[in-house]
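J.: predicted model and sequence below, questions to follow.
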Amino acid sequence: MKVQKIIFSIAIACFILTGCKNEAPEEVKKENVSLAISGMTCEIGCAKTIQSKLSKKEGVLGAKVIFTDSIANIEFDANKTSKEDLIAFVSGIAGGELYKASESFNKVKTSNKAHICSDACKDSCEMKAKKTPCKEDCKMDCCADKKS
């Protein structure tokens, strides 16, 4: 009986010692990407929803969606997600029916409200897709350069 208790104690000690390995935490590889997002129609419903969902996605360290510029600025851990994954994630929000995301290679200056957009954004602009002229109150980047 004493031998069984000793063997049982040794077995538990071995499990505890091998189960408590100190693994070095993986280093965060921070990267930034700006995504041009078409299909947003309002700041509260669209932009805030996209920003909220991005902020909760694994690997995203910070996200800011700027409705007036149709841009999402995202800081992420490249070890956990990628630019392509983020583009697919944003495009898939709301079942993939509402938004279209693409990488924006132009930086948006939010201080002076400059409307700078990538060619990919302009190509996917819903006004262009519907072949309708830009409305006077349209805030989409692809319409910004058509207004005087």
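T.: Thanks, I have the structure now.

J.: only C-alpha atoms for contact and neighbour calcs from this point on.
T.: Will do.

J.: ok, residues contacting the strand or helix carrying Thr18?
T.: Element membership of Thr18, judged by DSSP states H and E, is helix 2-19. Taking CA atoms under 8 Å, 6 or more residues apart in numbering as the criterion, no residue outside helix 2-19 touches it.

J.: same check on stretch 82-95?
T.: For stretch 82-95, using CA under 8 Å, 6+ apart, the contacting residues are 33, 35, 50, 54, 76, 97-103.

J.: point out the ones among those that are inside helices.
T.: Helix and strand membership here follows DSSP state H; of these, those in helices are 50, 54.

J.: quick revisit: what average pLDDT does the helix holding Thr18 get?
T.: Helix 2-19 shows an average pLDDT of 78 in the prediction.

J.: try stretch 42-53
T.: The predicted model gives stretch 42-53 an average pLDDT of 91.

J.: can I get the CA coordinates of that stretch in PDB?
T.: Once side chains and other backbone atoms are set aside, the C-alpha atoms of stretch 42-53 remain, and they are given as PDB (Å, rounded to 0.1, in the frame of the first residue of the first chain):
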ATOM      1  CA  CYS A  42     -23.400  55.900 -43.000                       C
ATOM      2  CA  GLU A  43     -20.900  56.500 -40.200                       C
ATOM      3  CA  ILE A  44     -22.700  54.900 -37.300                       C
ATOM      4  CA  GLY A  45     -24.200  51.800 -38.900                       C
ATOM      5  CA  CYS A  46     -21.400  51.000 -41.400                       C
ATOM      6  CA  ALA A  47     -18.100  52.500 -40.300                       C
ATOM      7  CA  LYS A  48     -18.600  51.800 -36.500                       C
ATOM      8  CA  THR A  49     -19.700  48.200 -37.200                       C
ATOM      9  CA  ILE A  50     -16.700  47.500 -39.400                       C
ATOM     10  CA  GLN A  51     -14.400  49.100 -36.800                       C
ATOM     11  CA  SER A  52     -15.900  47.100 -34.000                       C
ATOM     12  CA  LYS A  53     -15.700  43.800 -35.800                       C
END
